[in-house]
Every structure is written in structure tokens, then in C-alpha cells.
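**Student:** Provided below are the primary sequence and the corresponding predicted coordinates.
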Amino acid sequence: MKSSNCKEKRYKVFTSTRNDLVVQPDCLIDSEQRLNDCTKSIFGYCSVNCEGRCVLNFHVKNDKLLWVESDQSIKDGDGERQIRACLRGRSIREWINHKDRLSYPMRRVGKRGEGRFERVSWDEALDAIAENLKRIVDTYGNEAVYINFSSGVMCSNVIGFLFRFMSMYGGYLDSYGDYSHSQIDAAIPYIYGCRDANTPADVENTKLLVLFGDNTLETKMCGGGSSIHLKDAIHKAGVRTVVIDPRYSETAANCADQWIPIRPGTDGALAAALAYVMIQENTIDQEFLDTYCIGFDEAHLPPSAPKGSSYKSYILGDGSDKTPKTPQWASAITGIPASEIIKLAREIASSKPCAIYQGKGPQRQANGEQTARAIAMLSIITGNVGISGGNSGSDFETYRFFEAEVPMPDNPVQIAIPVFLWTDAIDNPAQMNSSKGGLRGADQLNVGIKFLWNYAGNTIINQHSNINRTHDILQDESKCEFIVVIDTLMTASAKYADILLPDLMPMEQPTIVANDWAGDSGYVLMNSQYLAIQHERRTLYWMLSRLSERLGFSEEFTEGKSEEEWRQSIYEESCMEDPDLPSYEELLIKGIYRRKNPKGRHIAFEEFRKDPLGNPLSTPSGKIEVYSEKILEDIKGYKLEEGEIISAIPVYAPPYFEPGAADKERFPLQLIGFHHRSRAHSSYGSLDAIRQRARHQVWINPRDAKDRGISDGDNVQVSTLYGRIQIEAKVTVRIMPGVIAIGEGAWHNADMEGDRVDKGGCINTLTSSHASPLAKGNPQHSNFAQVTRVK
Amino acid sequence: MTQYGFHIDTSRCTGCKTCEMACRDAYELGEAPSFRRVCEASGGSWVPAGDAWWQNVFAYYVSIGCNHCDDPVCQRICPSGAMRKQPDGFVILDSKRCIGCGSCAFACPYKAPSFSKKLNVMRKCDGCRARVMNGKEPICVEACPMRALEFGDIEELRKQYGNARDIAPLPDSSYTQPNIVITAHRHGSGVEPSVSVLSNFKEI
């Protein structure tokens, strides 16, 4: 037998080029066995904060999750797109079954941030929370309780219960804004009365698409979201596309006929020079400006405005700074050749219509409010506002039709801080006033934050600027006295918990999700079956229900309802408002309800454009306010620090830096963050499969790398005034010389008692916590840094 | 007999790697290398002009797996007769015959096969043959958020998209006659391989 086997083998060697030897099924190791061996498919979704919400079908056998498939509910076509998950959603199995998944309630035993915990019972954990919440409210009042900004679970029926809970227990210190778009959200309404833009599908109607720092194809990767709708529109009409960005982003690589690299924070200077060329060459839309706007030129200034304060005067050098905003002037600032600026200005002016959009990168700067307005000016002076194929100059809008929320009593505490200043509200509450601290509802904060709730968020360390500073503030237990973190994994933030509670994921509990940025294709997703609950993981609602029992308001809080019953009543509340929604039972069966924008697409300020007197904007004048009296009114009493700029007209306002942060000798490179495909902010940041294949790297130009002896793939240290990280270098022509870029959201990992070098490579170890002047937003792209090779 | 193949539209690919990760999840690749990988190609240079810069930078991505070639070099080199092109056109690994020697991985210019330490044999994309037989598409194709991948009868795909099979940084298609059709990224056609550099070596 043995010898014949050998013979057979030898024979096969010489005949292996034959094509007729069929491999029998039992010799296959892959598809047949694995993919056809599932007993059940459970409908669910990925609902992290990436601006998409994607369908996932979980293939399960005997409670074991085998593999994940995406949207199969419709056939994919041009008319309707499947809501396909990206690489993250397709890798979610590693998250759900993660070896570090939190499974039991825990109590801190080491210092805050050390990550040392001991397992406790649910009763012990909940008793400790109830006691401390009661003590802190009794001692300091409800103003001392804060629910930190978070976005790890974007379901309509989950985190709302925490706000409901606190509202019923006397209230909490409120907040406004976010880490995504605080500056643009504060700035654009001064021009138009609100922030609005056209939807991506409308791009097919334009002659020229100009994107300032918009990277839709990487930041909104959902296969039923903005990226596919934008790509389809550009592709369908062959739209010429110009992308302006310091980084040759995925959107630039994929869509741009021309990429214009620009130094970070200088988009306002480019906008001014483009306006200069158009004014000089008389290619602006004067009739539009005269009819729809105030403040463009001296003839249309409001009576309160001083002479020479119009936008046109500023651009031409007739304003107070006496500097004409010539292409040569802008070239030195932006790094763009003057001839390219002139060419772009002529192209924008001669393309009718021209669609100008900005992403959220340009505004996420110190003085980013001014930049957001400065970019919008290009749409205004060319008369592209309110028309198909044009745009307001703001960031892409989306169609939304579904809103549902947990019933919410009014918060008895009427004071709100900007989300970015929560560390200041802990550290230095006396400084928190309406000017410096952007405080709303009171002149002064009476007490600092003493009790911190953090649900499904990584902002108490990772996603907030200047981690080393935050660490020091949180370690001082006399300041913030109690921190509760509820999450699925031991995130960088979770390490700062006093009590750490194990959460369930959205596919393990009854949830409901509406589309986020999805172009004109809206939808609602709801699950009817759930992945098996393991260990002692519980829903947020379960935890809060038991806390409300301890604090004596459980009847009021729960109304005797389960999670499912709440979801049904929340959904049916929405049905009352919108009778076209399917019944709860129908949605349970189908899982997904789609609704396209009945208008086809959204055109911002279309009604105003058609009839400016009949449909005025909600600005004080009803017109487009190039000159804003309101902004001057709103900042009365503000004490601006050096470099902070808030202006009635959209002037170029360079980013400012804290003393020493922009020392060019020590920190010669500009540093920006970006949204890397491997993470949705910090969500998915600990998955090995993704980390190995979509690597966390600092992008550095070959010229800058060569100067520093750095090769592609080298381990390097990046430092700023605020801290140091270690990270792999990506030496690439895709980043402008003098600029480096790091994807945000990597998990902080440093020996905080030792050298504090962050080996996780979190950009916020390097960023400044000094808020932008108007919005009090995060300036996370305004940094100067140095890079050195780690030997 | 249908010879199946892939249409790879590099003008739509954003390099997101969803194809790769969906495949890894479905076939539970764990520590094993991926069946499909996404190559980043980039090039161009920077020239200073005073305070400003001129550049001609470009970048694009190519998703590549097993191309179920007409002349599968993996089969030619396999000493145990484990790698065999089937009557239905798929190049399939007979795991019982495979001795895990790695010759196929060495020979394949696309580096499609790889060694599985766990199973002690080679592994490779089988075109999701079982799904295809059931009228479905391969996982990677169905997963692509940008609709950059397509699967079907290679003759039909060629009728629709042409005969191009070459784009940097892929090897010359004449070696193995791969069953792929490539729609070139605007920077991918006519680019000399020497100026277009594979830029994400550690990721593939």
C-alpha cells in the first residue's frame, strides 16, 4: 500500500497540469463548509459615529456568531443603493467577541488612569453610584453633574435614557456643540441664518465642483451614504472636480481632476485671493450681491458699519489693514503658486453653475469660524447660492425624515457649557463665564463638575485635546469626585472610571437607528432578534432603572416598561407625527424602511433665491449677511486673547497658538488630523485585523523625511509642546512638504507615571485644549510639531 | 463552460479594504494573510517655487486576489497536484493533497496563495465558488461600498469593459493570463511602472 501511494503521488506530480481533476468537496477548506453552515441570520447594524449607519446580517449557529454579511434587502442599482458596511462593519465580529470585552461591573483600585480594577457585584457597583450621585447633588447641587459628550452608540433609544434619568433627578449641567463641527455650526448661521447646503446628488448638475478640505470618500464610507452618492453624481455627469487639501486625501485621489495642496488653516487666505481676482476682473455676480446680500460693498453696508468695513474694501486693501488680498499675497501664505490661484478664480467665475463645498477640516482650527465663512463667500460673490448645481459654500447636507427620542422632561438646570470646555469646567469653574467659557444660561459657573457620566464615549481622554492635561485634571480626585464609565471595551477613557460598567452592543439589545449622512436616501433600521447576551453585560436602561429604584423615582423613570416596550412607544410616537411610517410590527419584520427625499434632492436656500422678499432668511436683515452686525452684538463683553479673531466680515484669520506651541525652531512642521478608514473616531480602534492592514501612521513628505533620516515604515516620535507619541512613518508624496498628518482616534497608551510617551499614537496627546474664540470649539488641526526617528 | 472573472474598476476604488476585510471575516482568516489585498500606487514629485510648491502627485488603488488565470503558474509549479484549475474555470486547492511547500505562493506573481500555520496547508481565494454556484456573488464583490468590483463571465465583462489587464503595480499579465478586466484610474493608464510605486507594502 505504502509504495503504491508513493507511486500515485509521483504520477500526480507529472500530470498536475491537467485540468480535468475535479477537487472533491471534502478537500475544500473554505466557502462550502463555512458559508452554508448557518442556521440563522440576525438583522442588525453598525451604528458608530462615522456619519453612516450600515446594515449587518449576523450569521449565527447555536448562539455563535460565524460571519457578517451586509445589506441584502434590495438589489443594488443606480436607483437605489444597498446600505453596505465598510471594512469596519465587516470586522465587527472581532469587537463583539473581543478578548478585552468588558464583562462584569468593576471598581477602580489603582489611581485614575492606571486601568487597575476589581470585579464587584452589580449591587455593589450600583450602590456606589447611587450613594455618590446623591452625595454630590446634596453637597454641590445638580449643576455639578455632567454627562460627557459621546457618540459610540448612535441609536435613538439608548443614551437618551441617561438624560431622562438625570432630568428626573434634579437635572445636570447641559452642553452644546460637538467635536465635529462646532466652528462651522456657529459661523455659517451669521451669513444665512442657519447652516445648510445642497445634497451630494445635486453635484451632477454642476459644471465645476470645488471641495475645500472635504474628504467624503473616506469620512463617510457607508456604501449607501454620501460617498457613493457623491461618486455616482461626479461619475454620471463627468463633473470636473478640484480638491483643496494639505493631504492628497482619498477624495482627491479618487475624484480630483486637480489637487491644490494648501497649508493648513490658510483656506481663508485662498478664498480672499480668489475673490480679489474675481473682483478685479469683474466676474462677480453684482446683481446677486445687490439683491440678496448686505455688506459686500460700501453701498450695501448696514448703517452701524464704519466706512471701509465692507468685504470688498477688505479684499481690495481699502479696509483697515490696507492690504490688497492679491494672489501673490495669498501664495506666500497658502503655498499655492499665484498663477494657480488666478487660474482657479477664472475657472470658478466662468463655470455656471459652480458648486463650492467645504468639509469639516478647515473649520476645526483655531479661528476656524472665520475660515468657514470665508469659504462660503466664494459661493456668494459668484451667485451660486440657492440654485441647483451651486451651493451655499457650507458642507454637504443630507435628507433626514425620521426622528425619535426618549421622552425627556425639561432639564431643571438651565446652564450649558460648550462640550469642548468640560475640562475647564472641572479645573477652573470660576473662569467659566459667558465670554471665555462660552457659558450659556448663567454669568458664572458656581461649582465645577464633580460627577461625570461617560456612556459609550472615549472623550474623557482619547478624543479630547491635550491628553496629558486631561490626565492631570482627572487624577486629582478633589476636583471631579466621581466618574462612571459604561462601555464595551477598556478604552483609554474607561481607565479613568471609578465605577466601570459592562455595556451591551446595539445588536445585543432592542435598538432603532435612523440614517445619518446618506445623501437623499433616508432609512430607519430596527432589529427584532439579538445576539446572545454573555456574562454580566447589561443595557444602559437596565442600569439606570436599578439606580432610579435606589434613588426613589423608578416608577416615574421606567413607567413600568421594558426596553422593548419603550422602543415601541418611542417609535409609535414618531408614527403619530409621520403616518407614512410602517407600523412597529411591520418594521420589526422587515428591519428596514427606506424613504427617498420626495424632492429628489435638497437645494439650500432655494425658496429665498426664488423670492428673497417673500421668503427672507432668518438673519436679522432677512438677507445674506456678508457683514454681520449680529456677530458684533453677540460678542459684546468678550475679551479676545492675542490672535483670536472674530470679525463682522469673513476675513482671513490665521490660526493662533499658545505661547511656545508654534516655536518654529522646536516645532517646524504643521500637524493636522484626519479621519482614517481604520476607525470611526476611536470606535474599532482596538481591532487587530484592521490595525495590521489599515495602518496607523504619520504621513510625512519625502523631503521632510529625508531631512530627518526617516524611511517609510520607520518608527518615529512626533512631539509638540503638549506631548510625545510614537508611531510608524508613512513617507508619501501625498502630503504637502512642511505638513504632517495623523489619523485621529487611535487609542492612547502611555506610562503616565513614567515618560508619558504615547505608544498608541493618539493625536490628542499632541493637541491644544485652547478653544476657538467664537464657538469655543476644538482646534485639533492647529498644531506645530517635530518628527524624529526612533533608533 | 463559463470562465468567470473580476472587473476591477480602479477609477472607483478608494482603497478602503472592505473587500479584504469582508473576505477575512467570512473565511475566518485570523492570523493568515488575506485572500484579497489592496495595493496603493502613488508617485509624483514636489518642486519649490519661492514660498509655494508645484507638484504632480497621483495615487490610486488596485484590489487584487486570485485571478483564476488561464495559465495558472501555481498549478504548473505545484509538486503535489493540489492546485488545479477546474472545469468551471476556478483554480482550486485540494487541501488533502497540499503539502504546504509554498511553491505556489512563490510562483504566483499576484501572491494569491499563502501558507496557513493553523491548517498546515496553503490557502487561497476560491472565487467564493460555493456562493457563485448558488447564484450569489463573491463576498468581496458584494461588499464593495464603491462598487469598484464586479464578477461574472469574463467574456461578458470584456465585452463591456474591454481587454485591459495591466496596471501598475501589478505584474505583466502575459505571465499567467489572469481573468481580470481593469478599468484604469485616470492616473493608472500609461503610467510607467517605474514612476508608480507600491506605497503600502506593510499593509498587503
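**Tutor:** Here it is on my side, so go on.
**Student:** A:Ser768 and A:Gly660 touch, don't they?
**Tutor:** No - using Cβ atoms under 8 Å, A:Ser768 makes no contact with A:Gly660, being 10.8 Å away. Bear in mind the C-beta positions are built from the backbone N, C-alpha and C, glycine included.
**Student:** what residues are bridge-paired with the most centrally placed residue in chain B?
**Tutor:** Note on chain B: the residue nearest the mean C-alpha position is B:Ile64, at 1.6 Å, using Cα atoms, centre = their mean. Applying DSSP bridges to B:Ile64 gives these bridge partners: B:Arg37.
**Student:** name the single longest helix found in chain A.
**Tutor:** In chain A, ranked by residue count with DSSP state H as the criterion, the top helix is helix A:122-140.
**Student:** remind me which residues of the chain are low pLDDT?
**Tutor:** All of this is about chain A. Within chain A, the ranges that satisfy pLDDT under 70 run A:1-21, A:23-34, A:36-37.
**Student:** wait, chain B was what I had in mind.
**Tutor:** B:190-195.
**Student:** hmm, 90 instead?
**Tutor:** Applying pLDDT under 90 to chain B flags residues B:1-2, B:28, B:30-32, B:87-88, B:95-96, B:116-119, B:129-131, B:133-134, B:187-197.
**Student:** closest residue of it to chain A?
**Tutor:** The minimum distance from chain B to chain A, using Cβ to the nearest Cβ, falls at B:Pro145 (3.2 Å).
**Student:** without its sequence neighbours, what residue ends up closest to that residue?
**Tutor:** The spatially closest residue to B:Pro145, leaving aside those adjacent along the chain, is A:Gly223, at 3.2 Å (Cβ to Cβ, 6 or more residues apart in numbering or on different chains).
**Student:** thinking the one you found is in contact with A:Leu56, fair?
**Tutor:** No - taking contacts as Cβ under 8 Å, A:Gly223 lies outside contact range of A:Leu56: 12.0 Å.
**Student:** what's the overlap in contacts for those two?
**Tutor:** Common contacts of A:Gly223 and A:Leu56 (Cβ atoms under 8 Å, 6 or more residues apart in numbering or on different chains): A:Ser70, A:Ala85.
**Student:** measure the residue nearest to B:Pro145 to A:Ala253 for me?
**Tutor:** Relative to A:Ala253, A:Gly223 is positioned 18 Å away (Cβ to Cβ, to the nearest Å).
**Student:** what does the stretch 51-200 of chain A have sitting close to chain B?
**Tutor:** Proximity of the stretch 51-200 of chain A to chain B is assessed by Cβ under 8 Å from any Cβ of the partner chain, with A:66-70, A:76, A:84-88, A:90-91, A:93 identified as the residues in range.
**Student:** at 7 Å instead, please
**Tutor:** For the stretch 51-200 of chain A, the residues found near chain B under the criterion Cβ under 7 Å from any Cβ of the partner chain are A:Trp67, A:Val68, A:Ser70, A:Arg84, A:Cys86, A:Leu87, A:Arg90, A:Ser91, A:Arg93.
**Student:** now, those residues that are in strands?
**Tutor:** Judged by DSSP state E, strands contain the following of these: A:Trp67, A:Val68.
**Student:** make a ChimeraX selection of whichever of the residues of the stretch 51-200 of chain A next to chain B turn out to be buried.
**Tutor:** When burial is assessed using 16 or more other Cβ atoms under 10 Å in any protein chain shown, the buried subset of those is captured in ChimeraX by this command:
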select /A:67,68,70,84,86,87,90,91,93
